[in-house]
Every structure is written in structure tokens, then in C-alpha cells.
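Chemist: Predicted model, plus sequence, below.
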Amino acid sequence: MGAVSYSYFAEFYDALTLNAGYDKRADMLMEIFARHEHEPGLTLDLACGTGSLTLELSRRGVDIFGADASSEMLSVAQQKFAEDGRQTLFLCQKMQELELYGSINTCICTLDSINHLSSSADVVKTFRRVAEYLDDDGLFVFDCNTVYKHKVILGDNCYIYDMEGVFCAWQNNYIEHNNRVIITLDFFEPEGRLYKRSSEQFSERAYTRAQMKEMLEQAGLYIEAVYDENYLAEPKDDSQREIYVVRKILS
């Protein structure tokens, strides 16, 4: 697949992720920082999307800025901060091409953004870019959909979302040999007695923990802990999303 701008997805992203619980996610991240005795310091929200989690962490006193490849997503994020009377920096950059002006003490990357990188080479590139800018005592926290979720939960299933102002048909096509799911979204917006249709297609790829460990080590990073997203405990065989807590390998 080529580059995806998420131009239509950006418009409806917040409506489709109402159950994401950004306030609870922010609290969970703060708990992870406390568990690992880490002061967030300057924090990057990598692949921040429409900035909902960025905003929640800013409200909790975290010195945070965001980066995302979609200018449409970032436009929504900037509006959210403005409406909340806050300011921060948003960078329009791909994860694997991240360029910062200085170092960061924390990087977060949530809601399976790493899964959107369809090749292991791009995952390693992203990890290397994070490692390049992460302080020696810094912390990298990211989550990923599991192979179980891609195979069993997403699979070849279809979902319908009937929301105010838009009707969405979500279709999955699972490719087993690389645990990849091709996702097609069709949006139908009412215009008088007719409907306007727009479509978006992207893919997500799941990696085993062994694959993730190898890719992190290639980038000079090591896993300090892995948690089940829902319990902040040891992941189970049927965990749908795992949280990785990562630090730099120091010589």
C-alpha cells in the first residue's frame, strides 16, 4: 500500500474512537511512569492522531507535543488544544522519518499505531528514530494489537457503525502469513435525501513478542516490561493489545 493520508478518516476518527477512554489511558500512562520511577519530562506523543490523549496528558501537567503523518489529523488536534486554552507543538512527520530539534525524556505511541507500519523494516526505522532522540534515562511506551486480535477478533469480520451524522461500514481482510489486516472504511453522510460516500483503506500488521524484541534490539532498545492493556498485568494468550515499556541499551 502507498502512503495513506487518512483524509476522510480524520473527519470521523473521534466518533469511531469514542470508546477509547482517553482519560483512563492518560491515567494508565501516569501509573506506568510511577511504576517505573520515571518523570515524564519532555514527552513526544508519536502518531498522536487527533490529539485526544496528548490533550489529556497536557491537562495532567505533562510537557507534551505531538507528531503525526496526517495533516488532517493534526488540524483537529490543534483545534482541540486551542479550544482548551492550551498550546503545544505538532509536527507533520511519518514515524519512520522522525526528526526532532533535541532530545526527549519520554515517547509514547498508542492505539496500535505501530501496527500501521506494514513492514518490519519500517518498524525498526521508527524504533531507531525514537532511540536517536531518547535520553539515556528516557522511557518509550507503546502498545500493539496482538496476533490473537488480528486473527480471531478482527479476522475477516465486518462491523457497522450508525452514528449521528454518518454511517460507517468497516470491512476486514485478514492475511494469515504476515498477520496483516486490510481495513476498508466506507462512510455515508446524509445530504438531503441522498448520501455522500467516501472511502478509506489502510492496513495493520501484528507482530509476535519475539519479533518485537528482535526489532527493538536492532534499534538499541530493550523491553523492561510488557503489560496487558486492560489490567497492567502479565499478558494472556487472548490479550488483544499489549503495552511495551522500553529503554535504551547503554554501552
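Modeler: Looks like it came in fine.
Chemist: How far off centre is stretch 35-44?
Modeler: 18 Å (CA atoms, centre = their mean, to the nearest Å).
Chemist: With just CA atoms, put it into CSV.
Modeler: Once non-C-alpha atoms are left out, stretch 35-44 reads as follows in CSV (Å, rounded to 0.1, in the frame of the first residue of the first chain):
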residue,chain,number,x,y,z
ARG,A,35,5.7,2.1,38.5
HIS,A,36,9.0,2.6,36.6
GLU,A,37,10.0,5.5,38.7
HIS,A,38,10.1,7.8,35.7
GLU,A,39,9.4,11.5,35.5
PRO,A,40,8.0,12.1,32.0
GLY,A,41,9.8,15.4,31.3
LEU,A,42,9.6,16.5,27.7
THR,A,43,7.3,13.9,26.1
LEU,A,44,6.5,13.1,22.5
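Chemist: That one - what's its average pLDDT?
Modeler: Over the span of stretch 35-44, the pLDDT mean works out to 98.
Chemist: what's in contact with it?
Modeler: Where contact means CB atoms under 8 Å, 6 or more residues apart in numbering, the residues beyond stretch 35-44 that reach it are 33, 57, 62-67, 100, 103-108, 133, 135, 137-139, 224-225, 232, 245. No exception for glycine: its C-beta is placed from N, CA and C like everyone else's.
Chemist: Got a quick PyMOL command for the buried subset of these?
Modeler: The following PyMOL selection, which keeps only the buried ones among those, applies the criterion 16 or more other CB atoms under 10 Å:
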select buried, resi 33+57+62+64+65+66+67+100+104+105+106+107+108+133+138+139+245
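Chemist: I'd like to know which of the contacts of stretch 35-44 are part of strands.
Modeler: 63-67, 104-108, 135, 137-139, 224-225, 245 (DSSP state E).
Chemist: what's whichever strand or helix holds Ala121 in contact with?
Modeler: Secondary structure assigned from DSSP states H and E places Ala121 in helix 120-133. Helix 120-133 is contacted by residues 44, 46, 95-100, 102-104, 107, 109, 114, 117, 140, 207, 211, 215-216, 218-221, 248 when judged by CB under 8 Å, 6+ apart.
Chemist: With stretch 199-214 instead?
Modeler: Stretch 199-214 is touched from outside by 1, 4, 6-9, 112, 115-120, 123, 144-147, 149-151, 154, 178-187, 215, 223, 226, 242, 244, with contacts defined as CB under 8 Å, 6+ apart.
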